[in-house]
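S.K.: fold the following, please.
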Amino acid sequence: MDFSILPPRAQLVEMLTRIYQQGLTTTSGGNLSILDDNGDLWITPAGVDKGMLTPDDIICVHPDGTMDGRHRPSTEYPFHRMIYAARPDLRALVHAHPPALVSFSIVRKLPDTAINPQSREICGRVGYAAYALPGSEQLGANIAETFEQGYNSVLLENHGVVTGGQDLVDAFQRFETLEFCAQINIHASALGPYQTLVDEQIEQFYQRDWMLEELPAFRHTSQELELRQSMCAFVHRAYQRRLMISTGGTVSSRIGDDCFLVTPVGVDRKYLQPEDVVLIDHGRREAGKLPSRAVALHRAIYAEHPEINCIMTAQSPYATTYAISSRKFNTRLIPESYIVLRDMPIIPYGLQYTNPQAVARALSTEVPIALLQNDAVLATGSTILQAFDRVEVAEFSAQALITSLYLGELVPIEEHEIDDIKRKFLS
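M.R.: Just a heads-up that it's a prediction; the model follows:
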């Protein structure tokens, strides 16, 4: 979906509906706005069910203060107006009360976005605004002052969060990614010490040479067209299942010898379309498209493993927690976890950038899935379904592991029982 051609009313409804359906705000909480180049400020209404919002519910506030709309603008209109005045570069704002970020606001701490390079790039460092009465001029002044210091993500003390962007997609992706960071920070805290990245490590993410030469014109094959459809369907499913967020997650599928399809960089996973997917053929990319930055890693894995036909990396919140934690991801929970996942190793941070062949060699039929430290879950399969299943089982297993900490000591399956599983299901 190209948001740039949607009118502001439609953009606001689409995005707030998306936030509500993901459980990142409540019926009565949250507000979004867009500032037009002509100075009109489009904003969601006060007192309208966020699950039933329509374009007719959106209010337009003109530069002279007059308003068009059948409702009152959001109670938080003052801080929207004041942030735009303080930051002329911003053109959209998202405010809501997602659970993990509210948890941080209650204890008056800031989430660390340096859990992986992408999150730091998207969210940056998080600002902090002192508490004031919701809807008040004082709250607006507190938040605007923090934005004026250069922050694009601001936590509101005992309240929620506000993110800004060059457009509504930019502001939303910052909001969604920051909540993802907060979730992982919380889960990791329950597991014990965890690792975040320093600037030098984050720089490795940008130093890779992933700009491939372009392919000449080609004709699409039936196999390729079907794979494009299937990849998009599984990416949408992964997004719906909260295994991916809009800015994170890569899928590729082998077509032939040194030829595969891969998802692009910079395309919202919820709206990925078959024409967005990028063909990679003998190290060259489909013209006019940019593949995932992980393209060299995927190519190395396919070269090393002819039995692998699909690769999926995902930043699902529970499983990815183990990618930054000092505690091992114990897959010996229930038979399904071990059968599908085996023992999941953790691959040291940076190898996927500096030595993708080493990552490829760490995988095998006995090691079909691994954790990339401070990055993602990496799953392989003979089919897209098999790779997806491994990501999904990893997330469910990790959730069970972390949740069990509130109940008592975890008791894994014993070694002789693992041997029985191996004989029956894995021999």
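
S.K.: show me the contacts for the residue lying closest to residue 110 once chain neighbours are set aside.
M.R.: Of all residues not flanking residue 110 in the chain, residue 126 sits nearest, at 4.8 Å (CB to CB, 6 or more residues apart in numbering). No exception for glycine: its C-beta is placed from N, CA and C like everyone else's. Neighbouring residues of residue 126 by CB atoms under 8 Å, 6 or more residues apart in numbering: 110, 111, 113, 151, 153, 154, 155, 178.

S.K.: what's the answer for residue 336, then?
M.R.: residue 393.

S.K.: wait, a helix at it?
M.R.: Yes - using DSSP: H, G, I helix; E, B strand; the rest coil, the assignment for residue 336 is a helix.

S.K.: and it, how far is that from residue 42?
M.R.: 48 Å (CB to CB, to the nearest Å).

S.K.: low-confidence ranges, the stretch 201-350 of the chain, go.
M.R.: Applying pLDDT under 70 to the stretch 201-350 of the chain picks out residues 208-210.

S.K.: that one: strands as residue ranges?
M.R.: Assigned by DSSP state E, counting those that start in this stretch, the strands in the stretch 201-350 of the chain fall at 213-214, 250-256, 259-262, 278-281, 284-285, 310-314, 346-347.

S.K.: most tightly surrounded among the ones you listed?
M.R.: Burial of those is given as mean neighbour count (mean count of other CB atoms under 10 Å); strand 310-314 ranks first at a mean of 28.

S.K.: quick one: contacts for the residue nearest to residue 374 when sequence neighbours are not counted?
M.R.: Counting by CB to CB, 6+ apart, residue 374 lies nearest to residue 349, which is 4.8 Å off, once chain neighbours are set aside. When contacts are counted by CB under 8 Å, 6+ apart, residue 349 touches 195, 197, 201, 372, 373, 374, 375.

S.K.: return the subset of these lying in helices.
M.R.: residue 201 (DSSP state H).

S.K.: quick one: residue 159 and residue 105 touch, right?
M.R.: Yes - between residue 159 and residue 105 there is a contact under CB atoms under 8 Å: 5.7 Å.

S.K.: now residue 250: how far from residue 265?
M.R.: Noted for residue 250: a distance of 9 Å to residue 265, by CB to CB.

S.K.: cool, and residue 228?
M.R.: Distance, residue 228 to residue 265, using CB to CB: 17 Å.

S.K.: list phi and psi for the closest residue to residue 279 other than its chain neighbours.
M.R.: Counting by CB to CB, 6+ apart, residue 279 lies nearest to residue 286, which is 4.2 Å off, once chain neighbours are set aside. When read as degrees, to the nearest 10, the backbone of residue 286 gives phi -60, psi 130.

S.K.: isn't residue 286 right next to residue 214, touching?
M.R.: Yes - the criterion here is CB under 8 Å, and residue 286 meets it with residue 214 at 7.4 Å.

S.K.: per-residue confidence at the residue nearest to residue 110?
M.R.: Listed pLDDT for residue 126 reads 96.

S.K.: also the one 3 residues further on?
M.R.: Among the per-residue scores, residue 129 holds a pLDDT of 97.

S.K.: figure out how far whichever strand or helix holds residue 186 is from the centre of its chain.
M.R.: Using DSSP states H and E, residue 186 sits in helix 168-191. Offset of helix 168-191 from its chain centre (CA atoms, centre = their mean, to the nearest Å): 8 Å.

S.K.: out of the strands of the stretch 201-350 of the chain, flag the one nearest residue 393.
M.R.: For residue 393, the closest of the strands of the stretch 201-350 of the chain is strand 310-314, at 11.9 Å, according to CB to CB.

S.K.: which helices and strands sit right next to that closest one?
M.R.: helix 222-240, strand 250-256, helix 295-304, strand 376-381, helix 384-404 (3 or more CB pairs under 8 Å, 6 or more residues apart in numbering; DSSP states H and E).

S.K.: which one's more surrounded, residue 228 and residue 265?
M.R.: Using other CB atoms under 10 Å, the more surrounded residue of residue 228 and residue 265 is residue 228, with 21 against 16.

S.K.: burial of the residue nearest to the more buried one when sequence neighbours are not counted, as a residue count?
M.R.: With sequence-adjacent residues excluded and distances taken as CB to CB, 6+ apart, residue 228 is closest to residue 274, at 3.7 Å. The local packing of residue 274 (other CB under 10 Å) involves 17 other residues.

S.K.: distance check, residue 274 against residue 293.
M.R.: 21 Å.

S.K.: same check on residue 112?
M.R.: For residue 112, the distance to residue 293 equals 22 Å [CB to CB].

S.K.: what does residue 43 give?
M.R.: Distance from residue 43 to residue 293, counting by CB to CB: 36 Å.

S.K.: the more surrounded of those two?
M.R.: residue 43 (26 against 18).

S.K.: give me the buried positions along stretch 375-383.
M.R.: Within stretch 375-383, the residues that count as buried by 16 or more other CB atoms under 10 Å are 375, 376, 377, 378, 379, 380, 381.

S.K.: what about that stretch, distance to the chain center?
M.R.: Distance of stretch 375-383 from its chain centroid, counting by CA atoms, centre = their mean, is 16 Å.

S.K.: just the CA atoms of that stretch, as PDB, please.
M.R.: Extracted as PDB, the C-alpha positions of stretch 375-383 are listed here (Å, rounded to 0.1, in the frame of the first residue of the first chain):
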ATOM      1  CA  ASP A 375      19.800  -9.700  15.700                       C
ATOM      2  CA  ALA A 376      17.100 -12.400  15.000                       C
ATOM      3  CA  VAL A 377      16.000 -15.900  14.800                       C
ATOM      4  CA  LEU A 378      17.300 -17.600  11.700                       C
ATOM      5  CA  ALA A 379      15.300 -20.600  10.400                       C
ATOM      6  CA  THR A 380      15.800 -22.800   7.400                       C
ATOM      7  CA  GLY A 381      13.600 -25.400   5.700                       C
ATOM      8  CA  SER A 382      13.000 -27.500   2.600                       C
ATOM      9  CA  THR A 383       9.800 -25.500   2.200                       C
END
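
S.K.: could you give the average pLDDT over that stretch?
M.R.: Mean predicted confidence for stretch 375-383 is 97.

S.K.: what's next to it, contact-wise?
M.R.: Here stretch 375-383 makes contact (CB under 8 Å, 6+ apart) with 116-117, 248-249, 301, 305, 307-316, 319-320, 323, 347, 349, 352, 359, 363, 368-372, 387-391, 394-395.

S.K.: likewise for stretch 410-417?
M.R.: 330, 332, 333, 334, 335, 338, 401, 404, 421.

S.K.: quick one, which of these are buried?
M.R.: The neighbour count (16+ other CB under 10 Å) marks 330, 332, 333, 338, 401, 421 as buried among these.

S.K.: out of those, what pair is the most spread apart?
M.R.: Using CB to CB, the two most remote members of these are 401 and 421, lying 18.0 Å apart.

S.K.: fine by me, thanks again.
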